[in-house]
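Peer 1: using only what follows, build the 3D model:
(one chain, ligands or ions: 1)
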Amino acid sequence: MTDSILDLHINDGLTDEEIDHEKNTYGPLAEDVRELILLALQTRVDADDVARAREHLAAAREILERDRETGPYGTRYNDSGRYRTWGNAVMGLRNAIAPIGEIHEEPDGRVWADFRLNPAYEGPAGHTHGGVTALVLDQILGDAARAGGHPGMTGTLTVRYRRRTPLGALHAEARIDRVEGRKTFVKGHIADAEGVCVEAEGIFIAPQWMIEHRENLDTSPRRE
Ligand SMILES: CCCCCCCCCCCC(=O)SCCNC(=O)CCNC(=O)[C@H](O)C(C)(C)COP(=O)(O)OP(=O)(O)OC[C@H]1O[C@@H](n2cnc3c(N)ncnc32)[C@H](O)[C@@H]1OP(=O)(O)O
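Peer 2: Residues are numbered from 1 along each chain as shown. Just a heads-up that it's a prediction; the model follows:
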């Protein structure tokens, strides 16, 4: 295996029970940190209380740092075929900044997610940052390509902001439009209750290393 992405594609030999145990241990920690991110933005307690809270946080950091990894999470899988991308910036279980919990795949090829963006994702006052919607669309469109059996790296992502995207409850979805050789064209959007806010088209390209390793590398499994 030659590509650095493949170097982080690792069978770590965990049993399903061990994976579930990790999920139940570290998932709630990320949830707590997600709440802390919002609290850092919104708390109005006074300086003494902030100082006290920071002492508790320092104590928590001291515990968590006792045994830690130092690099990226990568893609991990086990013998029963459970793939984990828990560091993923959009839907990683252990990533406190990841805004999406679960991405659903339909038999007709549509991939979708319902999610909420809290004020930590603000761009224009009271609205979602355009980079955050692009982030979500990159993942959803990429997942549609992968789920359709054509995984690839984002070559080009074209985003059209049709109207402001509020914070709060949102829906994202995507599906493959067409495949031309190594290029997969995917279309998708993000909508609020009133309709589409942002549209995107992505060109996902299967790199040479992915094609070369396709036979001994399952490139399209669903990630958890
Ligand atoms: C296990 C993993 C699971 C993968 C699971 C996937 C989940 C994805 C979700 C997250 C997605 C990301 O964030 S991915 C991260 C962001 N993206 C990246 O970092 C990609 C960086 N760029 C690259 O690695 C490379 O440039 C590639 C792979 C995109 C293309 O390189 P290449 O394969 O050498 O391409 P090349 O031979 O020159 O061209 C092949 C064809 O594609 C066209 N082409 C080349 N580049 C582009 C481009 N940027 N945009 C449009 N089209 C392009 C060429 O004209 C040609 O068309 P023709 O002559 O054949 O017509």
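Peer 1: list the buried residues of the longest helix anywhere in the chain.
Peer 2: Longest helix of the chain, by residue count under DSSP state H: helix 16-42. Buried residues in helix 16-42, counted by 16 or more other Cβ atoms under 10 Å: Ile19, Glu22, Ala30, Arg34. From N, CA and C alone the C-beta is placed, and that goes for glycine too.
Peer 1: what's in contact with stretch 86-99?
Peer 2: Residues outside stretch 86-99 that contact it (Cβ atoms under 8 Å, 6 or more residues apart in numbering) are 23, 26-27, 29-31, 33-34, 36-37, 72-74, 76, 84-85, 100-103, 113, 115-117, 120-121, 132, 135-136, 138-139, 223-224.
Peer 1: re the thing from before, turn the buried residues of helix 16-42 into TSV, including distance to His213.
Peer 2: Rendered in TSV, the data for the buried residues of helix 16-42 read as follows (distance: Cβ to Cβ, whole Å):
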residue	distance to His213
Ile19	24
Glu22	26
Ala30	30
Arg34	35
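Peer 1: ok, and the closest non-adjacent residue to Ala53?
Peer 2: In this structure, Ala53 finds its nearest non-sequential neighbour in Val45, 7.4 Å apart by Cβ to Cβ, 6 or more residues apart in numbering.
Peer 1: please give the element, helix or strand, for the residue of the chain positioned farthest from its centre.
Peer 2: When distances to the mean C-alpha position of the chain are computed (Cα atoms, centre = their mean), the maximum falls on Asp48, with 36.2 Å. Using DSSP states H and E, Asp48 sits within helix 47-64.
Peer 1: if we check the ligand, which of the contacts of stretch 86-99 are in contact?
Peer 2: Filtering the contacts of stretch 86-99 for neighbours of the ligand using Cβ under 6 Å from any ligand atom leaves Asp138, Gln139.
Peer 1: near the ligand, which residues of the protein show up?
Peer 2: Residues of the chain lying near the ligand (Cβ under 6 Å from any ligand atom): 138-139, 142, 146, 151, 153-156, 181-183, 203, 205, 207-208, 219.
Peer 1: one more time with 8 Å, if that's ok
Peer 2: Residues of the chain found near the ligand (Cβ under 8 Å from any ligand atom) are 5-6, 9, 75, 88, 90, 138-139, 141-143, 145-146, 151-156, 180-183, 203-208, 210, 217, 219-220.
Peer 1: just the buried ones among those, please.
Peer 2: Neighbour counting by 16+ other Cβ under 10 Å classes 6, 9, 75, 88, 90, 138-139, 141-143, 145-146, 151-152, 154, 183, 203-206, 210 among those as buried.
Peer 1: out of these, which are inside helices?
Peer 2: Counting by DSSP H, those place Leu6, Asp138, Gln139, Leu141, Gly142, Asp143, Ala145, Arg146, Met210 in helices.
Peer 1: farthest-separated two in those residues?
Peer 2: Among these, the pair separated by the greatest distance (Cβ to Cβ) is Leu6 and Leu141, at 22.5 Å.
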